[in-house]
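Asker: how would this look folded up:
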Amino acid sequence: MGLKDVLLGWPVYRQLTGEDPLGRGAAAQSPRSAALEPRTATADKVVRSVCPYCAVGCGQKVFVKDEKVVQIEGDPDSPISRGRLCPKGSASEQLVNSPTRVTTVKYRAPYATDFVDMPLDQAMEMVADRVKESRDRTWQDVDDQGRKVRRTLGFASLGGATLDNEENYLIKKLFTGLGAIQIENQARI
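Answerer: This next block holds a predicted model:
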């Protein structure tokens with residue numbers, strides 16, 4: 001390796017002798033950095049989505065390669081967020097690809113100390129049976145003064161901030177239809 005090769009590897013030399021005198025472009029770029037390409041360039045497809053974390057509904061562009069999410073960025077076409085995401089939204093790729101992500105239904109029986117995997121159909125039936133039993137047991141047609149109330153105080157709903165607007169809207173409709181009156185959402189609190 002000659003002196004010229006050593007000097008060309010030095011960013012200050014490239015800055016002083018090349019077309020980038022301020023050192024804001026190619027002069028400051030290493031050969032390794034120049035060879036890199038963004039994950040978004042290799043994506044097979046881009047899917048538009050909505051950030052799952054709060055009720056704002058920021059638009060996201062989800063980059064997919066080989067049926068795996070490789071990058072999530074703000075959608076510049078979104079009228080809500082105009083391409084911007086908060087730190088949680090920017091990190092939502094990690095929500096999808098985390099090796100610690102739970103992908104099965106976990107159930108812990110009363111007085112048990114450990115969770116066990118449960119089939120989704122069985123869990124859904126269990127939840128539906130318990131909601132119906134609680135609603136039937138605690139249903140009130142009239143209050144103490146004889147006024148029609150048609151409600152239950154047997155269960156409530158507290159939605160999480162990872163639900164989007166549409167999911168929270170449907171949950172509100174479901175619980176209202178079931179007669180619950182204690183319905184709230186973490187993103188609004």
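
Asker: Only C-alpha atoms from now on, for both contacts and neighbour counts.
Answerer: OK.

Asker: And the helices in this structure, which stretches?
Answerer: Per DSSP state H, the chain carries helices over the ranges 3-8, 11-17, 31-35, 87-90, 92-97, 120-138, 165-177.

Asker: Please list the residues outside the shortest one that contact it.
Answerer: Put plainly, it is helix 87-90. Helix 87-90 is touched from outside by C51, P52, Y53, I72, E73, G74, with contacts defined as CA atoms under 8 Å, 6 or more residues apart in numbering.

Asker: Out of those residues, the closest to N165 would be?
Answerer: Nearest to N165 out of the contacts of helix 87-90 is P52 (CA to CA; 8.9 Å).

Asker: most centrally placed residue in this structure?
Answerer: P52 (3.7 Å; CA atoms, centre = their mean).

Asker: these two touch, right, that residue and L163?
Answerer: Yes. Using CA atoms under 8 Å, P52 makes contact with L163 at a distance of 5.5 Å.

Asker: Including pLDDT, could the contacts of helix 87-90 go into JSON lines?
Answerer: Below are the contacts of helix 87-90 laid out as JSON lines (pLDDT from 0 to 100):
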{"residue": "C51", "pLDDT": "87"}
{"residue": "P52", "pLDDT": "79"}
{"residue": "Y53", "pLDDT": "78"}
{"residue": "I72", "pLDDT": "92"}
{"residue": "E73", "pLDDT": "93"}
{"residue": "G74", "pLDDT": "93"}
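
Asker: Any of these buried? List them.
Answerer: Neighbour-count burial (16 or more other CA atoms under 10 Å) is assigned, among these, to C51, P52, Y53, I72, E73, G74.

Asker: mind listing which of these are in strands?
Answerer: I72, E73, G74 (DSSP state E).

Asker: Tell me the bridge partners for the last one.
Answerer: In this entry, G74 is beta-bridged to Q60, by DSSP bridges.

Asker: And it, how far from K45?
Answerer: 16 Å (CA to CA, to the nearest Å).

Asker: one step back: could the helices of the chain be laid out in JSON lines, adding mean pLDDT?
Answerer: Converted to JSON lines, those look like this (pLDDT from 0 to 100):
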{"stretch": "helix 3-8", "mean pLDDT": "64"}
{"stretch": "helix 11-17", "mean pLDDT": "74"}
{"stretch": "helix 31-35", "mean pLDDT": "79"}
{"stretch": "helix 87-90", "mean pLDDT": "88"}
{"stretch": "helix 92-97", "mean pLDDT": "87"}
{"stretch": "helix 120-138", "mean pLDDT": "96"}
{"stretch": "helix 165-177", "mean pLDDT": "87"}
